[in-house]
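Visitor: The sequence and its predicted three-dimensional model are supplied below.
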Amino acid sequence: MVIFENVRKVYDDGTVAVNNLNLEIKEGEFVVLIGPSGCGKTTTLKMVNRLEECTAGKIYVDGNDITTVDPVKLRRGIGYVIQQIALMPHLSVAENIGIVPRLHKWEKNKIDKRVDELLEMAGLNPAQYKYRLPDQLSGGQQQRIGVLRALAVEPRVVLMDEPFGALDPISRDRLQNELLELQKKLKKTIIFVTHDIDEALKLADRIVIMRQGRVEQIDTPSELKNNPVNDFVKAFIGEERLAKISPEAPIDIIIEEPGLKVLPDTKASLVLNHLEDIGPESAQVVDRNGKWLGMAIVPDIKKVAKLGGYIKEAVRLERKLYIEEATLRDAAEMLADRDLPVPILDENNIFLGVVTHNGIARLTISRLQRKIS
Amino acid sequence: MNSDPTFMELLYKFVAKNYDRILFLTWQHIYISLIALGITIIICVPLGIYLTKNEKLTPYAIGLANIFETIPSLALLAFLIFPLGIGNKNAICALVLYAALPVLQNTYTGIKSVPPSLVQAARGMGMTEMQILFKVQLPLARPVLIAGMRVATVWIIGTATLAAAIGGGGLGKLIFSGLASIRYEVVFAGALPATVLALFADQGLKMVQEYYSPKNRAMRLARKAEKLEKINREEMEENCQENMVSG
Ligand SMILES: Nc1ncnc2c1ncn2[C@@H]1O[C@H](COP(=O)(O)OP(=O)(O)OP(=O)(O)O)[C@@H](O)[C@H]1O
Ligand SMILES: [Mg+2]
């Protein structure tokens, strides 16, 4: 779907941004470009929609050499999420998402419907958000709108330049999950740029590791982890990840009771008092049948408590692992992202307990001791 | 009791006798100012846009406008007598030169202040250069652009009073003839409408500026959202009622 053939980019000032890139991306494939700052990721994307022209080599999109296609027409067929988000500040959310459909001369009704559909898909209530200006959105919401804008006319190829760049780990994790869900349904050809190896490993069908304009390795996430071609790639993926403290062990050995488990219709202020007494930063919300309804963390609980609400209004759903498929590594990764307990559920969303840093530490220590003895 | 009439009485008498002339001169004043402003905008806005794409020329163009702006307005009118003679044509030309700087400069800086990432995003989505100009750059530069026009308008209306000095029309005629005959009520009958005109024009443009401010835009959008919600709610209630009827 997108083919790079000996592509090279030298900027006017002599900077070699991309050097001899060869890459063939199949239709429906999710390819992630990753590498240190300045290695040429953004430049590579911009060459695909001709915001920058290649100095040498050829790029084909959908079988056509892009230099033979009118750039405006080419760009209208390719979704683009720019690194700086860049929502139009003078346009409402709906108008921002509608930019490309309007360029395609869609009818007003059709645009309207599409905007609602996209907002709903991203978990934003259309009636509430449609008529806001970008300034009236949180950073994470802005990034979502940036992504929706690129998907509006269902382009077959989508370029995403660090779309989840400046986000806290939790929102980031959630948006990544949303994108994966979306990709399962839409099957776009996506070229995605990131700095973050965890993001790359999570999302990619194939990862392209770049350094100073050159490709170091192109492989699937598991191949990269198991067979890094050189020390740079090894270092980049992270030594600790490769060290394999414990092979993909299931997590049930370290599940423990949560610090606080509450029913959904407990007053938030009550929970807050309790938490302040015992110390942990979070509570697991579980109903009478043992079904997990989410976890609540202190800042959220405080907000709800101030409004006199119930704990069920403060829950977050994105942080969780299912016992059948989760491994120690998954749990450790989640804990490394954020030091909060990870709730463990079974396939019916029944709450089994949590995994914490302490649990992992205890496990490691026990293994060390065993090795010594 | 045969005291001299007061200033107010004189003014009243003069206005009562000459109101059609004052109206005519006011209209002429507006006419001269509008033409001058129109020509200024037609020349300077496109020129300002052109300069953003040809940076090398910018210092020259802005420098030149700066020179015209620095020449005392009466002197500028006098200079233009050589090429253009006397009358309204000369006056309008002088007003245009005089008002060029704020419009030119604000167009240039307004467009320059649009973040490059927005332009790039627009281009990346497939807008043509014209669409980028009209849908992104100009709307975002609008506050600065209108601010420049406000300054230019006030200057033009004020300076247009001098047109009479070189044989042009407008309210300056009353001011100058009043000064020559030492009849202050006549001076006043010209100065007051000129002042009011300038104030109104300034306020009017300020209102345009405010209409487009993000705050007001947000408010208009909020109202739209409310309306939508109301419609939704009504629809829902209707559905409920239907359900109840059928149930
Ligand atoms: N317009 C330009 N003119 C000259 N050099 C440029 C230009 N744009 C980028 N470069 C240079 O090209 C190289 C690659 O830049 P690029 O933006 O592609 O990096 P990147 O991998 O996207 O980095 P980051 O992760 O920081 O976004 C860098 O050395 C950069 O300084
Ligand atoms: Mg970049």
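Guide: Right, received. Where do you want to start? Ligands and ions are numbered 1, 2, ... in the order given.

Visitor: from here on, contacts and neighbour counts on C-alpha atoms
Guide: Noted.

Visitor: Find the nearest non-adjacent residue to the closest residue to ligand 1 within the stretch 101-250 of chain A, please.
Guide: In the stretch 101-250 of chain A, the residue that lies nearest ligand 1 is A:His195 (6.3 Å; C-alpha to the nearest ligand atom). The spatially closest residue to A:His195, leaving aside those adjacent along the chain, is A:Ile34, at 5.7 Å (C-alpha to C-alpha, 6 or more residues apart in numbering or on different chains).

Visitor: dump the residue contacts of that neighbour.
Guide: If you count contacts by C-alpha atoms under 8 Å, 6 or more residues apart in numbering or on different chains, A:Ile34 has them with A:Lys41, A:Val193, A:Thr194, A:His195, A:Asp196, A:Ile197, A:Ala200, A:Ile207, A:Val208, A:Ile209, A:Met210.

Visitor: which one of the residues you listed is nearest A:Arg362?
Guide: A:Ile197 (27.1 Å; C-alpha to C-alpha).

Visitor: What distance do you get for the closest one to A:Gly140?
Guide: 20 Å (C-alpha to C-alpha, to the nearest Å).

Visitor: Kindly report the same for B:Thr195.
Guide: Taking C-alpha to C-alpha, one finds B:Thr195 at 51 Å from A:Gly140.

Visitor: quick one, which of the two is more surrounded?
Guide: Legend: neighbour count by other C-alpha atoms under 10 Å in any protein chain shown for B:Thr195 and A:Gly140, higher for A:Gly140 (18 against 14).

Visitor: And the average pLDDT for the longest helix along chain B is what?
Guide: Counting by DSSP state H, the longest helix found in chain B is helix B:7-53. Here helix B:7-53 scores 91 as its mean pLDDT.

Visitor: likewise stretch B:63-76?
Guide: 86.

Visitor: And for stretch A:114-129?
Guide: 88.

Visitor: Span of that stretch from start to end?
Guide: Terminal-residue distance, stretch A:114-129 (C-alpha to C-alpha): 14 Å.

Visitor: same question, stretch A:344-355
Guide: Using C-alpha to C-alpha, the two ends of stretch A:344-355 sit 7 Å apart.

Visitor: quick one on the thing from earlier: turn the contacts of A:Ile34 into a markdown table, including distance to A:Leu51 and pLDDT.
Guide: Output for the contacts of A:Ile34, formatted as a markdown table (distance: C-alpha to C-alpha, whole Å; pLDDT from 0 to 100):
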| residue | distance to A:Leu51 | pLDDT |
| --- | --- | --- |
| A:Lys41 | 13 | 93 |
| A:Val193 | 16 | 95 |
| A:Thr194 | 19 | 91 |
| A:His195 | 21 | 83 |
| A:Asp196 | 24 | 82 |
| A:Ile197 | 26 | 85 |
| A:Ala200 | 24 | 90 |
| A:Ile207 | 23 | 94 |
| A:Val208 | 21 | 94 |
| A:Ile209 | 22 | 92 |
| A:Met210 | 20 | 91 |
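
Visitor: Domains in chain A, by residue range?
Guide: Domain ranges of chain A: A:2-231, A:253-362, per automatic domain parsing.

Visitor: Format the ones you listed as a markdown table; extra columns: distance to B:Ile156.
Guide: A markdown table is the format used below for the domains of chain A (distance: least, C-alpha to C-alpha, whole Å):
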| stretch | distance to B:Ile156 |
| --- | --- |
| domain A:2-231 | 31 |
| domain A:253-362 | 56 |
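
Visitor: Among those domains, show the one with the smallest mean pLDDT.
Guide: domain A:253-362 (a mean of 84).

Visitor: Now do the domain split for chain B, please.
Guide: B:15-212, B:213-247.

Visitor: Please report the residue range of the longest helix in chain A.
Guide: Chain A, longest helix under DSSP H: helix A:169-186.

Visitor: Sheet partners, orientation included, of the following helix or strand past that one?
Guide: Moving toward the C-terminus from helix A:169-186, the next helix or strand (DSSP states H and E) is strand A:189-194. Take DSSP bridges as the rule and strand A:189-194 pairs in its sheet with strand A:30-34 (parallel), strand A:157-161 (parallel).

Visitor: Tally up the residues packed near B:Leu199, please.
Guide: B:Leu199 - counted by other C-alpha under 10 Å - has 13 other residues nearby.

Visitor: Please see if the host helix or strand of it touches chain A.
Guide: In this assignment (DSSP H and E), B:Leu199 forms part of helix B:184-211. No: applying C-alpha under 8 Å from any C-alpha of the partner chain, one finds helix B:184-211 separated from chain A by no less than 12.7 Å.

Visitor: rewinding a little: compile the contacts of A:Ile34 into a markdown table and extend it with columns for neighbour count and secondary structure.
Guide: Listed next are the contacts of A:Ile34 as a markdown table, based on neighbours: other C-alpha atoms under 10 Å in any protein chain shown; DSSP: H, G, I helix; E, B strand; the rest coil:
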| residue | neighbour count | secondary structure |
| --- | --- | --- |
| A:Lys41 | 28 | helix |
| A:Val193 | 27 | strand |
| A:Thr194 | 23 | strand |
| A:His195 | 17 | coil |
| A:Asp196 | 15 | coil |
| A:Ile197 | 19 | helix |
| A:Ala200 | 23 | helix |
| A:Ile207 | 26 | strand |
| A:Val208 | 24 | strand |
| A:Ile209 | 25 | strand |
| A:Met210 | 24 | strand |
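
Visitor: interface residues of chain A facing chain B?
Guide: A:49, A:51, A:71-76, A:78-82, A:84, A:86-88, A:90, A:92, A:100, A:103, A:127-128, A:130-133, A:150.

Visitor: Out of these, list just those in strands.
Guide: Mapping those onto strands (DSSP state E) picks out A:Ile78, A:Gly79, A:Tyr80, A:Val81.

Visitor: Could you identify which of those residues has the most neighbours?
Guide: That'd be A:Tyr80 among these, by other C-alpha under 10 Å, with 31 neighbours.

Visitor: quick one: contacts for it?
Guide: A:Ala150, A:Val158, A:Leu159, A:Met160, A:Asp161, B:Ala121, B:Gly124, B:Met125.

Visitor: Just give me the closest of those to B:Tyr12.
Guide: Among the contacts of A:Tyr80, and counting by C-alpha to C-alpha, the member closest to B:Tyr12 is B:Ala121, at 62.7 Å.

Visitor: that's a helix at that closest one, yeah?
Guide: Yes: assessed with DSSP: H, G, I helix; E, B strand; the rest coil, B:Ala121 lies in a helix.

Visitor: Would you mark the buried spots in the worst-scoring helix or strand of chain B on mean pLDDT?
Guide: One helix or strand of chain B scores below all others by mean pLDDT, DSSP states H and E: helix B:214-246, with a mean of 78. Neighbour counts over helix B:214-246 (16 or more other C-alpha atoms under 10 Å in any protein chain shown) mark B:Arg217, B:Ala218, B:Leu221, B:Ala222, B:Ala225 as buried.
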